[in-house]
Structure formats: C-alpha cells, structure tokens
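In: Predicted model and sequence follow; I will ask about them next.
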Amino acid sequence: MKLTVNADDLLKIRDPSEFVRTRIEYNEVAQVLSQYLTPIMGEPRVFPHHSPLQVSGRWSTTDPPLTNFPSDIRDVTVPDRGRPWVGWDLKAIEAKIVAAYAHDKEDLEAFTKGHDIHTITACKMTGMELPPNLVDPHYSPECEDWRAKLQWKGETDRRRLLAKVRYCLNYGKDHTAVRGSKYERDMVKMGFTHADMERAARQYLSTKPLLRATKMRYWTLCAERGYAVTLLGRTRPLFGTWWDKAKEGWNHMVQGLVTDMTNLAIIDLCSPPSPYILVHNAHDGCKVAVPFEPTPDTLRAFKGAVEKEWAIDGETITSTASWYMVKDDGTKVAVS
C-alpha cells in the first residue's frame, strides 16, 4: 500500500518542525507542477473556459484554472501582442463590507483614510499605543520614537503579521476558525505555531464585540429563513444544519456582494460594442484586454466602473482598487 501525506494533515501537527514545513512546501510545489503547469506546457495559446453559473455568482474558470494559479506563477500567461491587459484587485473589500454591517466606526474610518489596518489591529490586540502616523507607521519620521520604543520591525513585524488573523475571523464561529485556513498555512511556513495563531485570534475577537454580535444576528436570520440575500438581491437557498445555514448565509451576504461588484464591472466594461475583452476574473479582481496602450481616459473609464460608493445598512464604503497593467512582453507595472 502506498502511503501519502496530505498537507492539511501536516498542518494539524502542533508546533511543526522545519522538516514538516518543508514537506508542506513540497506538496504545494508538486500540486503546481501537476495540476497547473504541466497541462499547458508547450501550448502557444490557452483558451480558458468561463462559466458564470455558480449559485454564489462566482465564475468557474477551467482549462486551465487560471483563477486558482498561485500568485507567484500567474505570469506564465501573457497578453497577445498589441493587446495589453488592465487589471485590478479590490482593496480589503470583504473587511469593509463586514465593518459596514457591524457599524465598526474605527475600521470604517481607517479604510476611508488609508490607515494601516494591520498595524492598528496589532496595537489594539496587544494594548500597544497607536503610532502618530497611521498611514505610514513603518517609515514616517514622526513614528521614529514609536518604532524605537516598541522595537517595531516594519511591515514584517511579527505582531503585524499575526494581526492578519482578522481575515479568518470575519466568518468563523470563534477563535478556532483559524484552523485549516490559508492564513494558517502561510503562517506555519513562516515559523509561527498554532498556539501563536490561536492566541492572536482570541486577542482580536476580544477587541471586536460588534463583530461577534453582528455575526450572531445574521447567522440567526439566515438559518431561520433558509436563504440569504446580498445587497444587490442575489438570493441563495441554504441547506443542512443550523450552523451550516448560518455560516453559508453570512458568507454569501459578504462574499456574494463582492462577486456582484465584480460582475457589474465586467458587464459595464466588456459588453458589446466595447473593444475590451475579458481575460479572466477572480473573486475580487479581474484582467481585461485592451486593443491599445491604456491612456488616462482608459483608466478613468475603468475606475468609474469599478470604484464606487456602496450604502450598507446606513454605512458607506468605497470599492477602491489597486491597478496594474500587463504589457505584451509579460511585464507587470502598477498604474494609477
């Protein structure tokens, strides 16, 4: 009998050794080679199949599954000559939606003003004083004394990295939601222990009573109704146990709205007689081919379709995005 080792099983090991972390990385590389790269090796062109038929509103991209490609190998596909791509990724959009539903004024203000949300979260979790400059605490001169006092190591500071646990806890029942998540996998590979992550999760939840109350309110609503509806009216029926319906319903209210936002932008930009062609989309981003070098007018048109204000339960958020262009030689450059 051939024995296999599953990466998710390895992640369950408490305080994994360097050997275990290396074995996890091996599993991931083997998957990339077998499932993503090997099928398209030697192919001069790829023709992905798009199907927008999932009940969640998400698109299924297959042959090849470009949306699932790890970020560090997505440059294996490049534009046709003379048709560069314009792409965008929505910034922290799920966190913004959750903050709006929870009426979390602090987070909403941070997103609006461009503050470093992870540094703020780390300070709240650990009781540290906030930096004088909330936009750029890592390099701004006015934060020099703050950095020295706290021995702050910038964007890679251990406390700031652990603060990203917040993204696992927007949906889960309690601090154990971190288990088995992509966040956990990334943190284990960086040398963090399960105890580190669960401690961070507990600390974060202790600072967010509104989040806990909001999740419970909508969990109950979705489970009792048996369906969930996004802000734009996308309805999803729910099945299973109370918790199955509660969790899936709240997820749909948030993640389904993100999908709706992306779909509306694609319709606005790529519907005939538009010269723009969809390359492929992800949950909160997209790549679109344009028949010429993008001009400032082109980018304004794209931003007008993507970056909009949304009213959610009396709060307002903006679907701001980070923008880039992929040239026909494969070079990726940020644009504004």
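Out: That came in fine, so what should we check first?

In: Counting neighbours, what do you get for residue 110?
Out: Residue 110 has 22 neighbours, counted by other C-beta atoms under 10 Å. C-beta coordinates here come from the backbone N, C-alpha and C atoms, glycine included.

In: what's the host helix or strand of it packed up against?
Out: Mapping residue 110 onto the secondary structure by DSSP states H and E places it in helix 105-113. Secondary-structure packing of helix 105-113 (3 or more C-beta pairs under 8 Å, 6 or more residues apart in numbering; DSSP states H and E): helix 93-102, helix 117-126, strand 315-318.

In: which helices and strands does the first one pack with?
Out: Which is helix 93-102. Against helix 93-102 (3+ C-beta pairs under 8 Å, 6+ apart) you get helix 105-113, helix 209-225, helix 257-270, strand 309-312, strand 315-318.

In: Swap in 6 Å and give it another go.
Out: Taking 3 or more C-beta pairs under 6 Å, 6 or more residues apart in numbering; DSSP states H and E as the contact definition, the neighbouring helices and strands of helix 93-102 are helix 105-113, helix 209-225, strand 315-318.

In: quick one: strands adjacent to the last one?
Out: Sheet partners assigned to strand 315-318 using DSSP bridges are listed as strand 309-312 (antiparallel).

In: Buried ones in the partner strand, by neighbour count?
Out: Residues of strand 309-312 classed as buried: 310, 312 (neighbour count, 16 or more other C-beta atoms under 10 Å).

In: Stretch 230-249 now?
Out: So for stretch 230-249, counting by 16+ other C-beta under 10 Å, buried means 230-231, 234, 236, 238, 245-249.

In: can you map out the helices along the stretch 101-250 of the chain?
Out: Listed in chain order, the helices of the stretch 101-250 of the chain (DSSP state H, counting those that start in this stretch) span 105-113, 117-126, 144-150, 158-163, 182-189, 194-206, 209-225, 242-251.

In: worst average pLDDT in those?
Out: The stretch with the lowest mean pLDDT among the helices of the stretch 101-250 of the chain is helix 182-189, which comes in at a mean of 82.

In: Now do that one against helix 194-206, angle only.
Out: What separates the directions of helix 182-189 and helix 194-206 is an angle of 140 degrees, with axes from the mean of the first three to the mean of the last three C-alpha atoms, to 10 degrees.

In: Report the distance from stretch 87-99 to the chain centre.
Out: Averaging C-alpha coordinates over stretch 87-99 and over its chain gives two centres that are 7 Å apart (C-alpha atoms, centre = their mean, to the nearest Å).
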